[in-house]
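Q: pasting the sequence and the predicted model now:
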Amino acid sequence: MGFFNRTKKEKKAPAGRVEGFYKVTGSGKYAAEYKLDNTCYAVLVGSTVAAGTVVSIQLDEAREVEGVLDILTHENRPAIPAFADEEKRKKSGFSLPVLHTDKIFFRGQPIALVIAETLEDATYAASLVTATYKAAPASVDFDTVHPAITPAATGKERGSLDAWSKAPFIREQVYTIRHQVHNPMEMHATIAVWDGPDKIRLFDKNQGVNNVQQTVSRLWGIPAANIEVMSEYVGGGFGSGLKVWPNVPLAIMAARKVNRPVKLMLTRPQMFTLVGYRPQSWQRVKIGADANGRFTGIWHQAKHGTSVYDNYSEGITRISRLIYNFANLKTDAATVPLNLGAPTWMRGPGDCTGDFALESAIDELCHDLGKDPLQVRMDNLAGTHDPDNGKPWSTNFLGECMQKGAEKIGWNSRQLKPAQVKDGEWMIGYGMANGMWFAGRSRASASIIMQKDGSILVQTAMTDIGTGTGTGIRNIAHDKLGIPHDRIKVKLGHSSLPAAPSQGGSTGLSTISGAVAAVSEALKIKLAGYAASLDVVYKDAVAADVLLSDTGISYRETGSHPVAFAAIWEKEKLDTLEVLASSAPGEERQKYSFCSGAAHFCRVKVNMKTGKVKVDRHVCVVDAGHVVNELAAANQVSGAAVGGIGMALSEGQATDNTHGVFIGSDLAGYHFAVNADAPLIEVEFINKPDLNSNPSGAKGVGEVGIIGAAAAIANAIYNATGKRLRDLPITPDKVLLG
Ligand code: MOS
């Protein structure tokens, strides 16, 4: 397997991305690109009603199509053992009883799977499958369902709502955001192979091979060791790959039925219904301040959509408990069941949604106060402690982010009064907003195999969805060991490698850096142990005493007490050397609170004739601890900020509420921000290490790039035009009518 092996050509740029060459040339394979002998193809058929039951499925016509091998339905599929036992099903973490029920929970729910010799045969035959249903009333319209649902308290109330009911300045407004989808470039796909009666091999697109392995193990009651999951290269995720979706069990059922490898890739329209989304939301924020601009209190209520078969819930109001000091605070939330596929985590889940309301409301309050929203935020920041749990922040440089960003964008040239600056048809304005995200870390393992030539291979099961995890691993190994970049290879995304959690929540690098640091130390100790028989100085050496180069080891200073690797190989009669280590967060997680922060600033131009908004400049200053790989980290932030532009201005999946069906479920109908919609995102890092967070000092960098971006844009639109728009996306019609 190729993985990330370097070729001679790449040696010129050792600091480049480890996977770059393979992704750019197409030689790195995504899940659906593996070619296995005897593979057949599966295409799924989705229900055409949004609620009710399947009465009958007509398969005769489809079965006539040449090349069709079989068609699975809830009446003939091989059983998934855990679905026979509700407790086991729940434990599996997989919620949709796919092809194990005649009930329909949402439109597009798989009701049949056509398996054929070719993709074309399967696709054609799938188009001939029809079903009759006993349809039931479906509710897919969040706006009409949510008013009947009252949010309940989500955390400890601070002070009381009454305490600030007479604050001199109070704002209370409702903010809404439409349903948004991930749609990474690589579509979700699975190739399933049964290698024996209780052995499954999967090539699958996901953000965590061990999670897929565990889920499948629990669904089929097969030991995890018998389930192999490979995701060497992943073409994006944004959270959709953190869960196992129906394509995985469907491909496994199909492979069992026909006893051949089965490939199932979702179509682009199916990506809109089967792999989660950021749910539509409603928020009401009441916020108060005294005449000096000191916040007196906040009441943040939120509701978001969920499915009728799986109650997904995200913490929309959490952000209001963290960034600023509110002496009085109440947060309430609820979910709203709808006949849609289940939502899931999507880029900055919860906080991204909540931040739009919080940071818009603060901007509104500042306008009432007649004060600079930058200064008011600065004055109200939670300084040294996390206001929610009272623990000291390990590090929190959000204030510095704000200062730097303000300088960079030229905040001084912003007019306090809105709608002052005109350039022909265009109005120009500035806006800003803060974002914050927990800087988490969990347990992970990694191994290093050293070859005779002194090159090493660092291995872990963690995936790299394009975030630069592999490159970060190589850079950290280089830092810890001293071995040149071009002698370090990285192998990822395989369930048989040392265990690692899914790559999500901006915790990947923080988590794996601990394991890479630990395994690097283990390698040094192992080599020192061998070297001790050649030079006694190494006898009680600790890792910090040992330096490595491309040819051998030395003691404390480069070149002192040199022992060549070759001498060790010869003495020990070794061909390769392997070390394994794990690392997990410790008690520092009890002592401190951890966060990454970002300050977003933008300048927008709003065309008053067409309603078009152009983000003219976007500055994002991020506190993400030590930046391990500046290029990849900056790419993370600018990609996230472009996502924020889409969220603010164009993204929103519409439903036909009569038929319970999504409208425009393709990349032409759903409007992501593209390069033409975004300026060059100006990214800067504070770059101060947080060594409580993990040995690399890095904190999470992915999500803070989007948390705050949409509010900064909405606030800038207000500053440009005097129009306060509280419903995302802010499309031209809203600008013109607002
Ligand atoms: Mo992200 S929602 O942690 O992939």
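A: Looks like it came in fine.
Q: could you say which helix or strand holds residue 143?
A: Assigned by DSSP states H and E, residue 143 belongs to helix 142-145.
Q: who touches the helix or strand in which residue 655 is found?
A: In the assignment (DSSP H and E), residue 655 maps to strand 654-656. Applying Cβ atoms under 8 Å, 6 or more residues apart in numbering, the set of residues contacting strand 654-656 from outside is 140-141, 178-179, 340, 661-664. C-beta coordinates here come from the backbone N, C-alpha and C atoms, glycine included.
Q: and the helix holding residue 143, which residues are buried?
A: For helix 142-145, burial by neighbour count (16 or more other Cβ atoms under 10 Å) applies to 142, 145.
Q: what packs against it?
A: Applying 3 or more Cβ pairs under 8 Å, 6 or more residues apart in numbering; DSSP states H and E, one finds that helix 142-145 contacts strand 328-338.
Q: hmm, the longest helix seen in the chain in reach of the ligand?
A: For the chain, the helix with the greatest residue count under DSSP state H is helix 508-531. No: if you take Cβ under 6 Å from any ligand atom as the test, helix 508-531 misses the ligand, and the best it gets is 8.5 Å.
Q: elements contacting that helix?
A: The contact analysis (3+ Cβ pairs under 8 Å, 6+ apart) places helix 508-531 against strand 444-450, strand 456-459, helix 469-481, strand 546-548, strand 552-555, helix 565-572, strand 577-583.
Q: closest one to the ligand among the ones you listed?
A: In terms of Cβ to the nearest ligand atom, the element of the helices and strands packed on helix 508-531 nearest to the ligand is helix 469-481, at 11.9 Å.
Q: before we move on, the earlier item: could I get the helices and strands packed on helix 508-531 in CSV, plus columns for distance to residue 315, mean neighbour count and mean pLDDT?
A: CSV is the format used below for the helices and strands packed on helix 508-531 (distance: least, Cβ to Cβ, whole Å; neighbours: other Cβ atoms under 10 Å; pLDDT from 0 to 100):
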stretch, distance to residue 315, mean neighbour count, mean pLDDT
strand 444-450, 24, 23, 98
strand 456-459, 34, 24, 98
helix 469-481, 25, 25, 94
strand 546-548, 44, 22, 95
strand 552-555, 48, 22, 96
helix 565-572, 50, 16, 96
strand 577-583, 27, 18, 98
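Q: ok, and what's touching the helix holding residue 143?
A: Under Cβ under 8 Å, 6+ apart, the answer for helix 142-145 is 139, 179, 279-280, 282, 305, 336-338, 657.
Q: if you rank those by neighbours, which is first?
A: Using other Cβ atoms under 10 Å as the neighbour test, those are led by residue 279, with 29 neighbours.
Q: can you name the residues that contact the closest residue to the ligand within the stretch 251-400 of the chain?
A: For the stretch 251-400 of the chain, the residue closest to the ligand is residue 345, as judged by Cβ to the nearest ligand atom, at 3.9 Å. The contact partners of residue 345, by Cβ under 8 Å, 6+ apart, come to 239, 242, 276, 314, 504-505.
Q: can you tell me which of these end up in strands?
A: Judged by DSSP state E, those include no members of strands.
Q: what ranges do the strands span in the stretch 151-300 of the chain?
A: Secondary structure of the stretch 151-300 of the chain (DSSP state E, counting those that start in this stretch): strands at 152-153, 169-177, 189-196, 199-204, 227-230, 262-265, 281-289, 295-307.
Q: next one: the stretch 551-700 of the chain
A: Assigned by DSSP E, counting those that start in this stretch, the strands in the stretch 551-700 of the chain fall at 552-555, 563-564, 577-583, 595-607, 613-623, 654-656, 661-663, 681-685.
Q: the inter-axis angle of the helix or strand following the last one versus strand 595-607?
A: On the C-terminal side of strand 681-685, the nearest following helix or strand under DSSP H and E is helix 709-721. The directions of helix 709-721 and strand 595-607 differ by 40 degrees, with axes from the mean of the first three to the mean of the last three Cα atoms, to 10 degrees as the criterion.
Q: how far out from the middle of the chain is helix 709-721?
A: Averaging C-alpha positions (Cα atoms, centre = their mean, to the nearest Å) puts helix 709-721 25 Å from its chain's average.
Q: which strands and helices sit next to whichever helix or strand comes after that helix?
A: Once the chain leaves helix 709-721, the next helix or strand it forms, by DSSP H and E, is strand 727-728. With contacts defined as 3+ Cβ pairs under 8 Å, 6+ apart, strand 727-728 has these neighbours: strand 169-177.
Q: buried residues in the strand it packs on?
A: For strand 169-177, burial by neighbour count (16+ other Cβ under 10 Å) applies to 169-171, 173, 175-177.
Q: quick one, what contacts residue 82?
A: Listed by Cβ under 8 Å, 6+ apart, the contact partners of residue 82 are 88-89, 91-92, 94, 218-221.
Q: ok so, going back, deepest-packed of the strands of the stretch 151-300 of the chain, please.
A: The highest mean neighbour count among these, using mean count of other Cβ atoms under 10 Å, belongs to strand 262-265: a mean of 26.
Q: please state the offset of that one from the chain centre?
A: Relative to its parent chain, strand 262-265 has a centroid offset of 24 Å by Cα atoms, centre = their mean.
Q: contacts made by it with the rest, please.
A: The contact list for strand 262-265 (Cβ under 8 Å, 6+ apart) reads 32, 39-44, 113, 115, 119, 187-192, 247, 250-251, 254-255.
Q: any idea how far residue 245 is from the residue in the stretch 151-300 of the chain that the ligand sits nearest to?
A: The minimum distance from the stretch 151-300 of the chain to the ligand, using Cβ to the nearest ligand atom, falls at residue 239 (2.8 Å). Residue 239 sits 12 Å away from residue 245, going by Cβ to Cβ, to the nearest Å.
Q: over to residue 138?
A: For residue 138, the distance to residue 245 equals 21 Å [Cβ to Cβ].
Q: who has more neighbours, these two?
A: It is residue 245, of residue 138 and residue 245, that has more neighbours when counted by other Cβ under 10 Å, with 26 against 23.
Q: who touches residue 472 in this structure?
A: By Cβ under 8 Å, 6+ apart, the residues touching residue 472 are 509, 512-513, 628-629, 632, 696, 698.
Q: ok, the residues you listed vs residue 103, which is closest?
A: residue 512 (41.0 Å; Cβ to Cβ).
Q: residues in contact with that closest one?
A: 444, 446, 460, 462, 469, 472-473, 500.
Q: try it again at 6 Å.
A: Counting by Cβ atoms under 6 Å, 6 or more residues apart in numbering, residue 512 touches 444, 462.
Q: where does the protein dip in pLDDT?
A: 1-15 (pLDDT under 70).
Q: list, one by one, the residues from it near the ligand.
A: Within the chain, the positions adjacent to the ligand are 207, 237-239, 242, 345-347, 349, 504-505 by Cβ under 6 Å from any ligand atom.
Q: those residues in helices, which ones?
A: Applying DSSP H to the residues of the chain next to the ligand, no entry is found in helices.
Q: from those, which single one is nearest residue 164?
A: Compare each of the residues of the chain next to the ligand with residue 164 using Cβ to Cβ and the shortest gap goes to residue 349, at 29.6 Å.
Q: you'd agree that closest one is up against residue 313?
A: No: look at residue 349 against residue 313 with Cβ atoms under 6 Å: they stay out of range, at 10.2 Å.
Q: who's in contact with the residue of the stretch 501-650 of the chain found nearest the ligand?
A: Closest residue of the stretch 501-650 of the chain to the ligand, Cβ to the nearest ligand atom: residue 504 (3.3 Å). Shown in contact with residue 504 (Cβ under 6 Å, 6+ apart): 207, 242.
Q: can we see that at 8 Å?
A: If you count contacts by Cβ under 8 Å, 6+ apart, residue 504 has them with 207-208, 237, 239, 242, 345.
Q: perfect, that will be all.
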